[in-house]
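Student: for reference, the sequence and a predicted model appear below.
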Amino acid sequence: MSVTDLEKPSVEQARATSFYEASARARIRLLLDPASFVEFIGPEQREVSPHLKLFDLPEQFDDGIIVGRGSLAGSPVFIAAQEGRFMGGAFGEVHGAKLTGLLRAAKELKSIPVLILFDTGGVRLQEANAGELAIAEIMRAVIEARTAGVKVIGLIGGRSGCYGGGGLIAGCCSALAVSEQGRIAVSGPEVIETNRGVEEFDSRDRALVWRTMGGKHRRLIGGAELFADDTVQAFREAALELLETTAGFGIDTLNAEQSRLEDRLQRFGACRDAVEIWAAEGVADAASVPALPADQFIELADKVRRIARDAR
Amino acid sequence: MEDLSFHHQARSRAGGTRRMAIIGVVASGNLEVLAERVLPETECRLEIKTAAEGFGQVWDAVVADFVERYSPGGLKFSINDGGARPDTVSLRLAQAVRLMAEDEP
Amino acid sequence: MTLDKILTSLFPDGHDVKNDGGVLLGSGTLRSGARALVIGVADRTALGVDEAIRLSGTVLGSIRNGSGPILVIVDSDSQRMSKRDELLGLNEFLAHLAKSLIHADIQGRPTIGLLYGHSAAGAFLASALATRVLVGLPGADPAVMDLPSMSKVTKLPIEVLEEKAKSTPVFAPGLQNLVQLGAVHVTWDDKVSLADQLEKLLGNMGDARDRRDALGKERGGRMKAADIAERVRELAMQTR
């Protein structure tokens, strides 16, 4: 049996599988080359959270994150995938430490890139201090790995989005691909509404949530490098493209990012809604953006904004 | 949380060569099943941690039906349950056996 | 301790740190005669896009033109929770600030956080927790998540949460919990000159490595993190 024979069913399946709907394990299986994935500290090791018992909550054998190695188009990669349905994909002590360890190895090896499939509401409340600290350690480990020359690519399109500290880790990555469903933010809609009132943000207004935090808006303002359709295959292709095109990391990157963000504040700081920003960006029919199918949106976004690949 | 444990004799060895498989997720109304080929060929064990207390009899019936139907000899199932309905439990157990029936990847 | 008292005690030989709407920017003279860059957040101000961009710009300017350690002095709210901040990509602004601080530290500009009041969530991650060594001053009151909010989400009464908090440092607010977890390296005594304590710390910074998980294990606050990270690292290293 040739390699193409082996790959074919997997590619077809990856095209037919929604990234949003798929489990973290299915995402890894269909994103990487067939049967190439090897897990580190798999579920049979039963390294569950030591803190959920105190709250009489059920544990999951992998604590909601899968880490390991595999290959992508024949090249080795490290990969981590959060399971957004277990405790909202939130970071706890064990969950976070698995990703930290993976990034530390990548830093030492220097040549193997890391893919992070985010799907998280942020810090796990029942172990909030440990989760917050885990996120701080991951951010540090991402930057150390990037400083050593490692590319760290974030893929965002899960049910829990990429919120709280997850949004900060994403901002530390070399590059991001996001689907329409893949919301990226620090404060979630409910958090803003609870703290500031429904006049500030109506969390039940789903259209508002999508256009303020969703993948299309992030792509249009430069918060993500690529927009991907909601299939595992689209994310695989996005990961390959980002690995190809992403630049290194250093003081020039940070200076370029400073300019990029200052420019954004200056141009859009007074806008009250995403539609105003898109119009200011030069989108002719800004109000129609949320309804555009993925292929048409990608075409539009590529016309409106070429993303700087050296400013993150 | 409640811990339950079931031990059955199975008619025959579960098919396939896989040593381990995992299916499902721990969420409300859902569960994860970890299957491991670690027992003598005619034995089957299930260790369950469930968030829904007081359903021991329901589990007993679901498990007995599962063992009768699939004869998962040699397999140990470890289950984390977020309060799944019996049909979901049956489905996940069947999926786990099907995964174990594959050859070692 | 008040901000003025802290700055006076830290820099008896003078400083030019200004508090502009809760954003701290400036520098101070160290015992050694060298200057330290000072940035921070005061008056329990929320950290939003407008504050973060000024802080990161100052850090990057100092990497270009300055030398010496960088002090991050913090009494903040959490991140600014607003539609505007999220619309503009607050996660990028906060990550950018953290990246600038971490980069500075790796490149020989040791970073020290000084937590003297509150901090929480995204603001904490982007400032105090993005430094190599975090110092807690008396009165520091960090809260990743406050108990009333936690009570709302977990549907447990506050009294129950308070009872549980007695048995573990892992979720409840407070400086001592973060010391035990390894997030806060050391707490200083406000009856002793802060300049002396800073001088001692600067002489004892070690290398630019993240040792917080090991510290959390030593102190019995986080028993799993260091071991899990190390096991994954070792397994991954066999990939070669």
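Tutor: Thanks, I have it. Predicted model only: the values in this text are computed from it and were never measured.
Student: can you map out the strands along chain C?
Tutor: With DSSP state E as the criterion, chain C has strands at C:18-20, C:23-29, C:35-47, C:70-79, C:111-115, C:118-119, C:133-136, C:141-142, C:186-187.
Student: looking at these, which is closest to chain A?
Tutor: Nearest to chain A, of all the strands of chain C, is strand C:70-79, at 5.0 Å by CB to the nearest CB. For the C-beta atoms, the positions are set from N, CA and C on the backbone; glycine is no exception.
Student: list the neighbouring strands of the closest one plus their orientation.
Tutor: strand C:35-47 (parallel), strand C:111-115 (parallel) (DSSP bridges).
Student: quick check: angle from it to strand C:23-29?
Tutor: Interaxial angle, strand C:70-79 versus strand C:23-29 (axes from the mean of the first three to the mean of the last three CA atoms, to 10 degrees): 160 degrees.
Student: using PDB, list the CA coordinates for strand C:70-79.
Tutor: What follows is strand C:70-79 as a C-alpha-only set of coordinates in PDB (Å, rounded to 0.1, in the frame of the first residue of the first chain):
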ATOM      1  CA  ILE C  70      13.200  46.600  35.000                       C
ATOM      2  CA  LEU C  71      10.800  47.000  37.900                       C
ATOM      3  CA  VAL C  72       7.100  46.400  37.400                       C
ATOM      4  CA  ILE C  73       5.100  47.900  40.300                       C
ATOM      5  CA  VAL C  74       1.500  46.700  40.500                       C
ATOM      6  CA  ASP C  75      -1.700  47.600  42.200                       C
ATOM      7  CA  SER C  76      -4.200  47.000  39.400                       C
ATOM      8  CA  ASP C  77      -7.700  45.800  38.800                       C
ATOM      9  CA  SER C  78      -8.100  42.900  36.300                       C
ATOM     10  CA  GLN C  79      -8.000  43.600  32.600                       C
END
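Student: next, count neighbours for the residue nearest to C:G221 when sequence neighbours are not counted.
Tutor: Once flanking residues are discounted, C:G221 sits nearest to C:Q180: 3.3 Å by CB to CB, 6 or more residues apart in numbering or on different chains. Close neighbours of C:Q180, defined as other CB atoms under 10 Å in any protein chain shown, add up to 21.
Student: residues in contact with C:Q180?
Tutor: By CB atoms under 8 Å, 6 or more residues apart in numbering or on different chains, the residues touching C:Q180 are C:169, C:216, C:219-221.
Student: the lowest-mean-pLDDT helix or strand in chain C and chain B in contact?
Tutor: Across the helices and strands of chain C, the lowest-confidence element by mean pLDDT, DSSP states H and E is helix C:147-154, at a mean of 84. No: Helix C:147-154 lies out of reach of chain B by CB under 8 Å from any CB of the partner chain, never closer than 14.0 Å.
Student: list the buried residues for that helix?
Tutor: C:147, C:149-151, C:154 (16 or more other CB atoms under 10 Å in any protein chain shown).
Student: and what of stretch A:98-112?
Tutor: Result for stretch A:98-112 [16+ other CB under 10 Å]: buried residues A:98-107, A:109, A:112.
Student: what's the closest of these to chain B?
Tutor: Nearest to chain B among those, with distances taken as CB to the nearest CB, is A:K98, at 15.6 Å.
Student: can you tell me the closest non-neighbouring residue to that closest one?
Tutor: Sequence neighbours aside, A:V67 is the residue nearest to A:K98 in space, at 4.6 Å (criterion: CB to CB, 6+ apart).
Student: what's the answer for C:L24, then?
Tutor: Nearest residue to C:L24, sequence neighbours excluded (CB to CB, 6+ apart): C:G40, at 3.7 Å.
Student: wait, that neighbour sits on C:I70?
Tutor: No: counting by CB atoms under 8 Å, C:G40 sits too far from C:I70 to count as a contact (10.3 Å).
Student: could you check the pLDDT of residue 2?
Tutor: If you meant another chain, say so; for now it's chain A. Here the pLDDT value assigned to A:S2 is 37.
Student: let's do chain C instead
Tutor: On the pLDDT scale, C:T2 gets 94.
Student: can you give me the neighbour number for it?
Tutor: Residues lying near C:T2 (other CB under 10 Å) number 12.
Student: the one 3 residues further on too?
Tutor: A count of neighbours around C:K5, defined by other CB under 10 Å, yields 12.
Student: helix, strand or coil: sort out the closest residue to chain C within chain B for me.
Tutor: Chain C sits closest to B:S28 of chain B, with a gap of 13.2 Å, by CB to the nearest CB. Of the three states, B:S28 takes coil under DSSP: H, G, I helix; E, B strand; the rest coil.
Student: is it true that A:F201 touches A:G188?
Tutor: No: look at A:F201 against A:G188 with CB under 8 Å: they stay out of range, at 9.6 Å.
Student: and the residue in chain C that chain B sits nearest to, what pLDDT?
Tutor: Residue nearest to chain B within chain C: C:K155 (13.2 Å; CB to the nearest CB). The confidence metric pLDDT takes the value 87 at C:K155.
Student: repeat for C:S67
Tutor: Confidence at C:S67, expressed as pLDDT, is 95.
Student: swap in C:D146?
Tutor: pLDDT for C:D146: 81.
Student: need the nearest residue in space to it, chain neighbours excluded.
Tutor: C:P173 is the one closest to C:D146 (CB to CB, 6+ apart), at 6.2 Å.
Student: quick one, phi psi at the one you found?
Tutor: Backbone geometry at C:P173, expressed as degrees, to the nearest 10, gives phi -60, psi 170.
Student: that one and C:M150 touch, don't they?
Tutor: No: taking contacts as CB under 8 Å, C:P173 lies outside contact range of C:M150: 9.1 Å.
Student: for the residue positioned nearest the centre of chain C, list the residues it contacts.
Tutor: Note on chain C: the residue nearest the mean C-alpha position is C:A128, at 1.3 Å, using CA atoms, centre = their mean. For C:A128, the contact set (CB under 8 Å, 6+ apart) comprises C:72, C:74, C:113-115, C:119, C:134, C:142.
Student: try C:D16
Tutor: Taking CB under 8 Å, 6+ apart as the test, what C:D16 contacts is C:26-28.
Student: let's see that with 10 Å instead.
Tutor: Applying CB atoms under 10 Å, 6 or more residues apart in numbering or on different chains, we find C:D16 in contact with C:7, C:25-29, C:35, C:38.
Student: check A:E108 too.
Tutor: Here A:E108 is in contact with A:144-145, A:148, A:150, C:233, C:236-237, C:240 (CB under 10 Å, 6+ apart).
Student: against A:R183, how distant is A:P293?
Tutor: A:P293 sits 19 Å away from A:R183, going by CB to CB, to the nearest Å.
Student: which of the two has more neighbours?
Tutor: A count of neighbours by other CB under 10 Å puts A:R183 above the other of A:P293 and A:R183, at 27 against 9.
Student: pull up the gap between the closest residue to the more buried one other than its chain neighbours and A:R196, please.
Tutor: Distances taken as CB to CB, 6+ apart place A:G161 nearest to A:R183, at 3.6 Å, with adjacent residues excluded. Applying CB to CB, the value for A:G161 to A:R196 is 19 Å.
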